[in-house]
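In: here is the input, now give the coordinates:
(chains A, B, C and D)
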Protein chains: 2
Amino acid sequence: MPRAGLSTAAVVERAAQLLDEQGSESVSLADLAASFGVKIPSLYKHVDGVRGLQRGIMLSAKSDLTAVMEQAAVGRARDDAIRGMAVAYRNWALRHPGQYPLTVRAPVQDDADDVAVSTAIVAVVFTVLSGYGLRDDDAVDATRFLRSALHGFVSLETGGAFELPVDRERSFSKLVESVVTALAAWRND
Amino acid sequence: MPRAGLSTAAVVERAAQLLDEQGSESVSLADLAASFGVKIPSLYKHVDGVRGLQRGIMLSAKSDLTAVMEQAAVGRARDDAIRGMAVAYRNWALRHPGQYPLTVRAPVQDDADDVAVSTAIVAVVFTVLSGYGLRDDDAVDATRFLRSALHGFVSLETGGAFELPVDRERSFSKLVESVVTALAAWRND
DNA sequence: ACATAATGGCTATTGACAATAGCTAATTGG
DNA sequence: CCAATTAGCTATTGTCAATAGCCATTATGT
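Out: I've put the predicted structure just below:
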C-alpha cells in the first residue's frame, strides 16, 4: 500500500480549498478523503475528526485574514487605513467564500489558540481606530460598528443576497465612505 | 394508535421553536418527531423532508420579520422610522437566534413564494428610505448599507462575537445613529 | 545489516440520521 | 354505518462520521 504523503497541514489546506470551491457549508470527510485518493479513516491519523478539521481550517482562516488586513493597513493612517483594510477584508472574503464564515465564529474560550487568533483580528481593527483618538467604550463601539458594516456587506454579498443589477463595487465604496465619515464624526453624537 | 394531531403549520412552528431554543443550525427530524412523541416517518405526511421543513421555517421567518419591521415603521418617517425598524429588527433576531440566519438566505429564484417574501423585506427598507428622497442606484446603495449594518451587528451579536464587557445596547444605538447620520448626508459624498 | 519501533493507511463495524415503501388503524362523509 | 381517505406505524435502505484493530511501510540504533 503506497503512501499518499498526507500531513496535518496538507489535509487542512486541501479541506479549506474544497470548502471555497464547492461552496457548501462544510467539507465531508468522504469528499476530502476521495480528493487524496484515500479512505476516510486514514484522515484520522492527521486530523481529529470533522471537529478537529474545522478547527484547523478556522484557525488558519482567521490568521490568514488577520495578516491580509494588517498588510493592507501598514503605512497608512485613519481614512486611508480604513479604506485599505475594508477592501482587503472584502477581497479576502470573496476569494474564500467557504472559509469566510469560520472567521466570524466566536472563539471557544478554553481554546487558547482560538482566543489568540480571534483577539488578533479585533486588535488590528482596534489599532487602526486608535488613529481617531477613540478610547475605551467609544473605541469598542466604533470597532463593533466597523466590523458590523464590513461583515454585514460581505456576508450578504457572498450569500447572494444582493441580486439587483446594481454595481456591488459602488455600493461597497459608498458603504466604506459612510463608515469613514461616521468615524471621523464619532465624538459628535 | 392514537393520533397526535399534527399539521403542516404545527410541525413547522414547533421546528422553528426548537431551532431557536437549542441554538443548533438545523433541527433533526429525530428531535422534531420526538418532541411530538411521534416517529420520524410520520412527519413526511405533513412536510416534505428536511428540505421542505427548512423551506417552511424560512418562509415563515421571513414574513414574520417583515411584519415586525413594517409594524415598527408605521406612522413614523425618516430617522424615527429607521430607529424603530432597526430596534425591531434586532429584537426579532435576538428572540429568534435559530430562525434569524434563514431570513438572510438569498431567495431561490424559481420558488415564487420565496421570491415574494424576500422582496417584501427589501421593499420595507426601500419604502422607509424613500423618505430621504433617494432614487435608483442611490436608493439601492443606501438599502444595502442599512441592511449590512443591521445584519452585521445582529449576526455578530447572536453568534457571540461581541465578548468584551461593554454594553451592546449602547453599541447598537451608536451604530443606528451613525447610519441615520450617513443616510441624511447621503447625497454629499 | 537487521531487528525494532513508530507511523500511515487499510477493512470492518457501529451508530445517528434521512428517506421510502407498504401496512393498519382512526377519522370523516354520504 | 359503511366506504374512502388519512395518519401514523414498522421495516428497510443508504449515507456519513467515528472507533477498533490489522498490516505494510519507513525510520532508528546498535
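In: name the single longest helix found in chain A.
Out: Ranked by residue count and defined by DSSP state H, the top helix of chain A is helix A:49-73.
In: what's in contact with the helix or strand that that one is followed by?
Out: Tracing the chain past helix A:49-73, the next element assigned as helix or strand by DSSP states H and E is helix A:78-95. When contacts are taken as C-beta atoms under 8 Å, 6 or more residues apart in numbering or on different chains, the neighbours of helix A:78-95 outside the stretch itself are A:20, A:64-65, A:68-69, A:71-73, A:76, A:100, A:124-125, A:128, A:131-132, A:146, A:150, A:153-154, A:157-158, A:172, A:176, A:179-180, A:183-184. All C-beta atoms are positioned from the backbone trio N, CA, C, and that covers glycine.
In: next structured bit after helix A:78-95?
Out: The C-terminal neighbour of helix A:78-95 among helices and strands, as given by DSSP H and E, is helix A:100-103.
In: helices or strands next to that following helix in the packing?
Out: Of the remaining helices and strands, those touching helix A:100-103 by 3 or more C-beta pairs under 8 Å, 6 or more residues apart in numbering or on different chains; DSSP states H and E are helix A:49-73, helix A:136-158.
In: does DNA strand D have contacts with the first one?
Out: Yes: in this structure, helix A:49-73 sits against DNA strand D according to C-beta under 7 Å from any atom of the strand; the contacting residues are A:Gly49, A:Val50, A:Arg51.
In: hmm, back to that, and the helices and strands packed on helix A:100-103 as a markdown table, adding distance to B:Arg14, mean neighbour count and mean pLDDT?
Out: Formatted as a markdown table, the helices and strands packed on helix A:100-103 follow (distance: least, C-beta to C-beta, whole Å; neighbours: other C-beta atoms under 10 Å in any protein chain shown; pLDDT from 0 to 100):
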| stretch | distance to B:Arg14 | mean neighbour count | mean pLDDT |
| --- | --- | --- | --- |
| helix A:49-73 | 28 | 19 | 96 |
| helix A:136-158 | 28 | 22 | 96 |
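In: can you say which of these is nearest to A:Leu32?
Out: Smallest distance to A:Leu32 across the helices and strands packed on helix A:100-103 (C-beta to C-beta): 7.6 Å, for helix A:49-73.
In: mind checking if the closest one is in reach of chain B?
Out: No: Helix A:49-73 stays clear of chain B (C-beta under 8 Å from any C-beta of the partner chain), getting no nearer than 11.7 Å.
In: what's near enough to touch A:Ala139?
Out: For A:Ala139, counting by C-beta under 8 Å, 6+ apart, the contacting residues are A:Phe126, A:Leu129, A:Ser130.
In: swap in 7 Å and give it another go.
Out: A:Ala139 makes contact with A:Phe126, A:Leu129, according to C-beta atoms under 7 Å, 6 or more residues apart in numbering or on different chains.
In: roughly how far does it sit from DNA strand C?
Out: 43 Å (C-beta to the nearest atom of the strand, to the nearest Å).
In: equivalent analysis for A:Ser35, please.
Out: Plainly put, A:Ser35 is 12 Å away from DNA strand C if you go by C-beta to the nearest atom of the strand.
In: look at A:Glu25 and report its pLDDT.
Out: With respect to pLDDT, A:Glu25 scores 86.
In: neighbours of the nearest residue to it once chain neighbours are set aside, how many?
Out: By the measure of C-beta to C-beta, 6 or more residues apart in numbering or on different chains, the closest residue to A:Glu25 outside its immediate chain neighbours is A:Pro101, 7.5 Å from it. For A:Pro101, the neighbour count with other C-beta atoms under 10 Å in any protein chain shown is 20.
In: so what's the closest residue to chain B within chain A up against?
Out: Of chain A, the residue with the smallest distance to chain B, taken as C-beta to the nearest C-beta, is A:Gly152 at 2.6 Å. For A:Gly152, the contact set (C-beta under 7 Å, 6+ apart) comprises B:Arg147, B:Ser148, B:Ala149, B:Leu150, B:His151, B:Gly152, B:Ser155.
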